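# take this sequence and fold it.
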Amino acid sequence: MMFSFQNLLKAYYQCRKGKRKTISAAKFEINFESELLKLEKELISRNYQPSPSICFAVTDPKLREVWAADFRDRVIHHLLVIYLEPVWERIFIFHSYACRRFKGAHKAVRYLKKAIRPDLFFLQTDIQSFFVSIDKDVLFSIVKKRVNNPEILWLAEKIIYHDPTTNYIPRGDLNLLRSVPPHKSLFGKVNRGLPIGNLTSQFFANMYLNELDQFV
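Predicted structure coming up:
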């Protein structure tokens, strides 16, 4: 069973790496066994609902909205990615470097230094406000193409279609948060957009853009 205590424990150990000093992680860790048992019960009964996220704005490298999920939700995110990752890693192109194990920006730069030649041409493109423009129906259809497990499909749908703007905790400079342009914000979006800051959002973004990679 995908929603077993053993699988949740594995997801929890992955989730807490580098996060044990945060308040939400510390609170969870005090009674992590009982917390994981609660999650197991909620998932099996399909009564799981994401908790409110913390929303704040940052300006590095540019102004954007960030959504920090509650620690228990991050455990769930890891649980889902643990299942999806091996499915999509088999089909991602080799030179997809973002948010992948043994990849990353530094490895991409090292490859470019080796591959670049005077007679080569390159095309640099960008998708405007990518995360907040992702079509949730399209994304879920991509998941359904390669996943048959009903538990995973239910959980993926729950996370993809969750709208954090309906229940959130604002933090930091609220004037800065309000200054985020509408086209860069999740607020006001209907059936579009993923929250920047979630592990699932990063992985879903790779799945979404893999369709473009394969087309190219």
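
# alpha carbons only for contacts and neighbour counts from here, please
Noted.

# give me the beta-bridge partners of I54?
For I54, the beta-bridge partners under DSSP bridges are A68, I169.

# pLDDT wise, what is it at?
The per-residue pLDDT reported for I54 equals 96.

# that one reaches S24, doesn't it?
No - between I54 and S24 there is no contact under CA atoms under 8 Å: 11.3 Å.

# please say which of these two ends up with more neighbours.
Comparing I54 with S24 by neighbour count (other CA atoms under 10 Å), the higher total belongs to I54, at 17 against 14.

# what touches both of I54 and S24?
D70 (CA atoms under 8 Å, 6 or more residues apart in numbering).

# and the longest helix belonging to the chain, what's buried?
Using DSSP state H to assign secondary structure, the helix with the most residues in the chain is helix 71-89. Going by neighbour count (16 or more other CA atoms under 10 Å), the buried part of helix 71-89 is 71-81, 84, 88.

# dump these to a markdown table, plus pLDDT and distance to T59.
Written out in a markdown table, the entries for those read as follows (pLDDT from 0 to 100; distance: CA to CA, whole Å):
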| residue | pLDDT | distance to T59 |
| --- | --- | --- |
| F71 | 95 | 24 |
| R72 | 96 | 27 |
| D73 | 97 | 25 |
| R74 | 97 | 24 |
| V75 | 97 | 27 |
| I76 | 98 | 28 |
| H77 | 98 | 26 |
| H78 | 97 | 27 |
| L79 | 98 | 30 |
| L80 | 98 | 30 |
| V81 | 97 | 28 |
| L84 | 97 | 31 |
| W88 | 96 | 32 |
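
# can you name the residues that contact the nearest residue to A25 once chain neighbours are set aside?
For A25, the nearest residue in space outside its immediate sequence neighbours is F71; the separation is 5.8 Å by CA to CA, 6 or more residues apart in numbering. Remark: with contacts taken as CA under 8 Å, 6+ apart, F71 is in contact with S24, A25, F28.

# out of these, which is nearest to V58?
Out of the contacts of F71, the one with the shortest distance to V58 is S24. That distance is 20.5 Å, counting by CA to CA.

# let's verify that closest one: helix, strand, or coil?
Three-state secondary structure (criterion: DSSP: H, G, I helix; E, B strand; the rest coil) places S24 in helix.

# right, and it touches A69 too?
No - taking contacts as CA under 8 Å, S24 lies outside contact range of A69: 9.8 Å.

# quick one: L123 from V216, how far?
With the distance defined as CA to CA, to the nearest Å, L123 ends up 12 Å from V216.

# for K113, that is, sorry about that
Taking CA to CA as the criterion, K113 is separated from V216 by 22 Å.

# can you check N148 too?
Look at N148 and V216: by CA to CA, they are 27 Å apart.

# poorly predicted segments of the chain, please.
Under the criterion pLDDT under 70, no range of the chain is flagged.

# try 80 this time
Along the chain, the model assigns pLDDT under 80 to residues 18-21.

# now do the strands in the chain.
The residue ranges that make up the strands of the chain, judged by DSSP state E, are 53-58, 64-68, 168-170.

# I'd like these as a markdown table, with distance to S4 appended.
What follows is these, written out as a markdown table (distance: least, CA to CA, whole Å):
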| stretch | distance to S4 |
| --- | --- |
| strand 53-58 | 25 |
| strand 64-68 | 25 |
| strand 168-170 | 29 |
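
# rewinding a little: look at N148 and V216 and report which has more neighbours.
Between N148 and V216, N148 has the larger neighbour count (other CA under 10 Å), namely 10 against 6.
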